[in-house]
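Trainee: pasting the structure only:
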């Protein structure tokens, strides 16, 4: 079943209701996994695996699953590169230059992701958050585990949908 939606430019687009529902259910499953992960990670003395950039990761994984930025390699690599760049900024930037910290972290994360082929926009947001909150190195593992939890949730939801609904129909060609 499809519904129509009007775009900002006035054009009308069709939205697949089942795809929208599957995306929402997938995100709910992903965030339930993050909540469960937090019950294990927090008592170990690590920070939370819940952070705003993982919300953006969920949008990519469940709404734009075929986008290059949604590949597991890009998701994990983007967070790893961004975390390491932000950690370097927090660790080595002298206090007199701290006004440059957020910009250095984000631009360094962008450059690092571009160089490694791991462009994942929420990684840049994580670099910003990491520096803005002056997070310690212990903040990195929970976020990486959170990214893994979302990827696993995406794969599980995709497998369940494929098993119950069947494969996606192929696009019609003329």
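Mentor: The structure has been received and is ready for your questions. Keep in mind it's a predicted model, so treat the numbers as computed, not measured.
Trainee: Only C-alpha atoms from now on, for both contacts and neighbour counts.
Mentor: OK.
Trainee: any idea which residue sits dead centre in the chain?
Mentor: Residue closest to the mean C-alpha point of the chain, counted by CA atoms, centre = their mean, is residue 57 at 1.9 Å.
Trainee: That one touches residue 125, doesn't it?
Mentor: No: checked against CA atoms under 8 Å, the pair residue 57 and residue 125 is beyond contact range at 10.4 Å.
Trainee: about what we covered before: ok, for the residue nearest to the centre of the chain, nearest residue in space, not its chain neighbours?
Mentor: residue 122 (6.1 Å; CA to CA, 6 or more residues apart in numbering).
Trainee: these two touch, right, the one you found and residue 53?
Mentor: Yes: judged on CA under 8 Å, residue 122 makes contact with residue 53 at a distance of 5.0 Å.
Trainee: Tell me the first helix or strand C-terminal of the lowest-mean-pLDDT helix or strand in the chain.
Mentor: Ranked by mean pLDDT, DSSP states H and E, the weakest helix or strand in the chain is strand 2-6, scoring a mean of 69. Toward the C-terminus, strand 2-6 is succeeded by strand 12-16 as the next helix or strand (DSSP states H and E).
Trainee: how much distance is there from the helix or strand just after that next one to the middle of the chain?
Mentor: With elements assigned by DSSP H and E, the helix or strand that comes after strand 12-16 is helix 17-41. Distance of helix 17-41 from the chain centroid (CA atoms, centre = their mean, to the nearest Å) equals 12 Å.
Trainee: can you list contacts of helix 17-41?
Mentor: Residues from elsewhere that reach helix 17-41, judged by CA atoms under 8 Å, 6 or more residues apart in numbering: 1-3, 47-50, 58-59, 62-63, 142, 146, 149-150, 153-154, 157.
Trainee: what about the helices in this structure?
Mentor: Assignment of helices within the chain using DSSP state H yields the ranges 17-41, 52-63, 72-92, 101-116, 121-132, 140-165.
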